[in-house]
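A.B. asks: Could you work out the structure for the sequence below:
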Amino acid sequence: MTSEISESDRKLLEELRGKISRELELVPAYNDDFSLMRWLIGWDRKVDIVVPKIKFSLRAIHALGLDSEDLSTLEKVTAKCDDCSVPLRYLPGSLIGLDKENNVLSLQMIGHLDAAGLMPATRNSDLYKMRIAESEGVMQIIRAMEKEHKKPFGTSVIFDLDGLSMAQIDMSALKVVTTMLTQLQEMFPDVIRKIFVINTPTFIQVLWGMISPCLAKQTQQKVKILGNDWKQHLKENIGEEVLFERWGGTRQAETEYGFVRMGGKIPAELRYDPTNDLPAEKLTKLSISARSTSFVPITLEGQKPGRKLYWWWRIESNDINFAIYRSAEGQEKVAEHDDDFMVFPKFKLQTEFVPEDGEISASEPGVYKFVFDNTHSKLRSKSVKYFIEVREP
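C.D. replies: Purely as a prediction, here's the structure:
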């Protein structure tokens, strides 16, 4: 993206702003030309395709409270991610600085990921929340730089596959990660500038075949799989002053890895204990047919500061999309409506190891709709056991 915006693109920006005015009121930080142009470029300047995607993204950022968080430095973004979940602190990789072109640089140590240990230790939704928090934090930094320099920026990513073996590739974890990657691309389009893959194992084609379908075509074209001279490539393209010694740089640190999180085996004591599941007598069963959506309405009267809604659920097998909305007036009998207020974003979740639970502020009166969406499943109905409780202040 260049800093010059054409006359035809200015018209598209105006049209887009008109169609997402409510969402831009929720998250005003996105009401700038470079942010909105990323959306238009990411979806081939097709406004009608962009609108539902950007509406979801801005509502989700607001529902997660990220628009009101100060994520203005890489350190603050890292601290926010660390707060999401203790097991996720074992995810290898870090944001390490800015490359030669002032793109935010992420270094991901994929070969050190304990995928099989991660799934039994943390909620699926925590992984979504962490990655969205990280992405939105990066966007806050990028927007601040764009304001200052009057030109667009993005991200550069180094995927280091050192130590990766086929034995590490956990299929249920891979499914969760690729589903999340797809959603992140929809929420933060056209932000990646360069991707470098280093220390590639012999089975890289197999791995690439699993991951590439969930990457946008524009992103796939930015991937460079580097050979044995990868350190030289990184120095030339990234800059040696931002890279630690392990990656061919000159950045000073106590160890060759600097502060890059190296991951490692997730301790067994962090694994979820199924004996902590809610007892069967507390749970209600809900069946959701293939290609359909069901919801549980909870009606709350009057304004009550401090009131919360708590939920707990498990799906018997596979995955389901879950979201929470506060119904728009007159839309209480339908699962979802464009005028509903998003309280918890829709994520595709599975609970094979860890159940989904959480609570949201529910001080506002209205009908809160707990939505289980199975429209992505063409043949298979899903069965959910859930518990929902109003918690008074």
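
A.B. asks: and residue 211, what does it touch?
C.D. replies: Contacts for residue 211 (Cβ atoms under 8 Å, 6 or more residues apart in numbering) come out as 178, 181. Where you see a C-beta, it was placed from the backbone N, CA and C, and this is true even at glycine.

A.B. asks: same thing but at 7 Å, please
C.D. replies: residue 178 (Cβ atoms under 7 Å, 6 or more residues apart in numbering).

A.B. asks: Need phi/psi at it.
C.D. replies: Here is the backbone geometry of residue 211 (degrees, to the nearest 10): phi -90, psi -40.

A.B. asks: in the helix or strand bottoming out on mean pLDDT in the chain, what's buried?
C.D. replies: Within the chain, no helix or strand scores below helix 204-211, which has a mean of 76 by mean pLDDT, DSSP states H and E. Buried positions in helix 204-211, judged by neighbour count with 16 or more other Cβ atoms under 10 Å: 207-208, 211.

A.B. asks: For burial, what's the neighbour tally of residue 42?
C.D. replies: By the measure other Cβ atoms under 10 Å, the count of residues near residue 42 is 21.

A.B. asks: Name the nearest of the buried residues of helix 204-211 relative to residue 172.
C.D. replies: residue 211 (15.3 Å; Cβ to Cβ).

A.B. asks: quick one: the helices in the stretch 51-200 of the chain?
C.D. replies: Counting by DSSP state H, counting those that start in this stretch, the stretch 51-200 of the chain has helices at residues 74-84, 115-118, 124-149, 171-187.

A.B. asks: Show me the one of these that comes nearest residue 327.
C.D. replies: Proximity to residue 327 (Cβ to Cβ) singles out helix 124-149 among the helices of the stretch 51-200 of the chain, at 21.8 Å.

A.B. asks: Enumerate every residue touching the residue nearest to residue 144 when sequence neighbours are not counted.
C.D. replies: In space, and not counting its chain neighbours, residue 144 is closest to residue 72: 6.5 Å by Cβ to Cβ, 6 or more residues apart in numbering. Residues in contact with residue 72 (Cβ under 7 Å, 6+ apart) are 140-141, 144.

A.B. asks: Generate a markdown table for these, with pLDDT as supplementary columns.
C.D. replies: Listed next are the contacts of residue 72 as a markdown table, based on pLDDT from 0 to 100:
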| residue | pLDDT |
| --- | --- |
| 140 | 97 |
| 141 | 97 |
| 144 | 96 |
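
A.B. asks: Would you list the buried entries among the residues you listed?
C.D. replies: Here, 16+ other Cβ under 10 Å leaves 140-141 buried among the contacts of residue 72.

A.B. asks: Among the contacts of residue 72, which one lies nearest to residue 251?
C.D. replies: The closest of those, once distances to residue 251 are taken by Cβ to Cβ, is residue 141, at 18.9 Å.

A.B. asks: picking up where we left off before, could I get the helices of the stretch 51-200 of the chain as a markdown table with distance to residue 66?
C.D. replies: As requested, the helices of the stretch 51-200 of the chain are exported to a markdown table (distance: least, Cβ to Cβ, whole Å):
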| stretch | distance to residue 66 |
| --- | --- |
| helix 74-84 | 8 |
| helix 115-118 | 23 |
| helix 124-149 | 5 |
| helix 171-187 | 11 |
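
A.B. asks: rank those by pLDDT, which is bottom?
C.D. replies: Lowest mean pLDDT within the helices of the stretch 51-200 of the chain: helix 171-187, at a mean of 79.

A.B. asks: Buried ones in stretch 379-392, by neighbour count?
C.D. replies: For stretch 379-392, by 16+ other Cβ under 10 Å, it's 382, 384-387.

A.B. asks: pLDDT weak spots in the stretch 151-300 of the chain?
C.D. replies: Along the stretch 151-300 of the chain, no part satisfies pLDDT under 70.

A.B. asks: Mind jotting down where the strands sit in it?
C.D. replies: 155-160, 192-198, 223-225, 284-288, 293-300 (DSSP state E, counting those that start in this stretch).
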